[in-house]
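J.: I'll drop the sequence and a predicted model, then ask my questions.
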Amino acid sequence: MRIIDSHAHIFPFLGGLSGFGDVREHLDTVQWTVRQHVQPVLRRRDGSREEKQTLITLPMVGRSSLLDVDFHVGQYGVVEWESDGEAYYLQYMPPTLADMSAPPELLVALMDHAGVETIVLHNDSIYGKLNDYFSDAVVRWPDRFIALANVDVAPNNRDQQIATLDRALDEQGHRGLFFKTDDFFMHDFSEDPFGPAYTPFWDHVASRGIPVYWQVTGFPAPTVENTLRVWEGFIQWLDRYPDVVVVLVGGLPWELASRETLPASIREAIHRHPIHLEIVYPIQRGGVFRYPFVECRDSAAFLYQEFGAEKLVWGSDVPNVERYCTYRQSHEYLDTYDFISQEDRELILGGNMERIFGIGGVATDAS
């Protein structure tokens, strides 16, 4: 069985330029991402928890809500800042990342150890705008890495987005697009990714016949109410582009992944369109539950029974997931879910990825 990880990262130093216009833009992206993280904020002087918000002003609206707290990237997985004379830190990455980078050589070693043949590289802006970095890795390890492109979401930027995407696909070896609603924080969510201003870009994406990895989160705060509001726009987008193959980054929010809580509109959209849901429980719930994540069994069973194995793909979020378990454990816990047949387990752990990206002669879903 070929195991393919739908969700992984390589990146240079997390506090560097990494394709941004300036380092501050990158650091602001990291600060925004960890503003309400599952990992606790700790005081440097004694390691005790800090419950009050020290990274943003409330109510948050986007980048303009970030507080000037000398936010920076430290070592051994830690990000750090200072507020009102108190030093704080958060264990964002596993402490094994001493220099806060995850070079492709590290991922190849982790893959070999965990029995993973290929990974899909998510070009998430928190790590940088890494089209060039990913391209170099794909050239060196063409059978191990599948690269997703990143495009800047600055307002009035459609022509440049299209040019960046085409270069990534035609010259740099990328095979899909990574796109997330939370990137619009940089301009205080002043644009609507589902609105008419984005139609030229999405028309072009559809014409390229590539899969789109969508990270659909509520904004400006990631509440369930905001997530449901964003999904209204996303469903309209899905209806406009019914042939675009979508992988939903992180799958469904935990709060919605049950028969009782999943709205009918979302359930019907997933059935109606070529959407694949990532199964990422170790990173999604590892801050709450421990390996082998038996508490996630009911959620997994619901998704499996409701949508079928053909719509589920395994993702790890390596190297981040090693905060909670080893890379090997991040897929082996699925072996304890005995309601999944061996044939379907093979689909979830790699077969569906083979179909989406046309690996090994398997026909692609993309038109």
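T.: Structure received.

J.: For the stretch 101-250 of the chain, which segments are assigned as helices?
T.: Ranges of helices within the stretch 101-250 of the chain are 104-114, 131-140, 158-170, 199-208, 224-240, based on DSSP state H, counting those that start in this stretch.

J.: so which of those helices gets nearest residue 340?
T.: helix 104-114 (19.2 Å; CB to CB). C-beta coordinates here come from the backbone N, C-alpha and C atoms, glycine included.

J.: on contacts alone, who are the packing partners of the closest one?
T.: The helices and strands touching helix 104-114, judged by 3 or more CB pairs under 8 Å, 6 or more residues apart in numbering; DSSP states H and E, number zero.

J.: and the angle for that helix with helix 131-140?
T.: For helix 104-114 against helix 131-140, the angle by axes from the mean of the first three to the mean of the last three CA atoms, to 10 degrees is 50 degrees.

J.: For helix 104-114, C-alpha coordinates in PDB please.
T.: Provided in PDB are the C-alpha atoms of helix 104-114 (Å, rounded to 0.1, in the frame of the first residue of the first chain):
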ATOM      1  CA  PRO A 104      13.000  18.900   2.900                       C
ATOM      2  CA  GLU A 105      15.800  16.600   4.100                       C
ATOM      3  CA  LEU A 106      14.000  16.400   7.500                       C
ATOM      4  CA  LEU A 107      10.700  15.500   5.900                       C
ATOM      5  CA  VAL A 108      12.300  12.800   3.800                       C
ATOM      6  CA  ALA A 109      13.800  11.300   6.900                       C
ATOM      7  CA  LEU A 110      10.500  11.400   8.700                       C
ATOM      8  CA  MET A 111       8.700   9.900   5.800                       C
ATOM      9  CA  ASP A 112      11.100   7.000   5.500                       C
ATOM     10  CA  HIS A 113      10.800   6.300   9.200                       C
ATOM     11  CA  ALA A 114       7.000   6.500   9.200                       C
END
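
J.: List the buried residues in that helix.
T.: By 16 or more other CB atoms under 10 Å, the buried positions in helix 104-114 come out as 104, 107, 108, 110, 111, 114.

J.: Low-confidence bits of this structure, can you list those?
T.: Applying pLDDT under 70 to the chain flags the ranges 361-367.

J.: domain parsing for it?
T.: Domains of the chain are assigned by automatic domain parsing as 4-12+99-361, 23-91.

J.: so can I have JSON lines of the helices of the stretch 101-250 of the chain showing distance to residue 190?
T.: As requested, the helices of the stretch 101-250 of the chain are exported to JSON lines (distance: least, CB to CB, whole Å):
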{"stretch": "helix 104-114", "distance to residue 190": "35"}
{"stretch": "helix 131-140", "distance to residue 190": "24"}
{"stretch": "helix 158-170", "distance to residue 190": "15"}
{"stretch": "helix 199-208", "distance to residue 190": "16"}
{"stretch": "helix 224-240", "distance to residue 190": "15"}
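
J.: and residue 42, what are its bridge partners?
T.: Residue 42 has these beta-bridge partners by DSSP bridges: residue 49, residue 89.

J.: Contacts only, for it.
T.: 48, 49, 50, 88, 89, 90, 91 (CB atoms under 8 Å, 6 or more residues apart in numbering).

J.: Go again with 10 Å.
T.: 48, 49, 50, 78, 87, 88, 89, 90, 91 (CB atoms under 10 Å, 6 or more residues apart in numbering).

J.: Tell me how many other residues crowd the fourth one.
T.: Number of residues near residue 78 (other CB atoms under 10 Å) recorded here: 18.

J.: Verify the stated contact: it with residue 71.
T.: No - in this structure, residue 78 is not within contact of residue 71 by CB atoms under 10 Å, at 11.9 Å.

J.: related to what we said a few turns ago, residue 354 is nearest to which of the helices of the stretch 101-250 of the chain?
T.: Using CB to CB, the helices of the stretch 101-250 of the chain put helix 104-114 closest to residue 354, at 16.3 Å.
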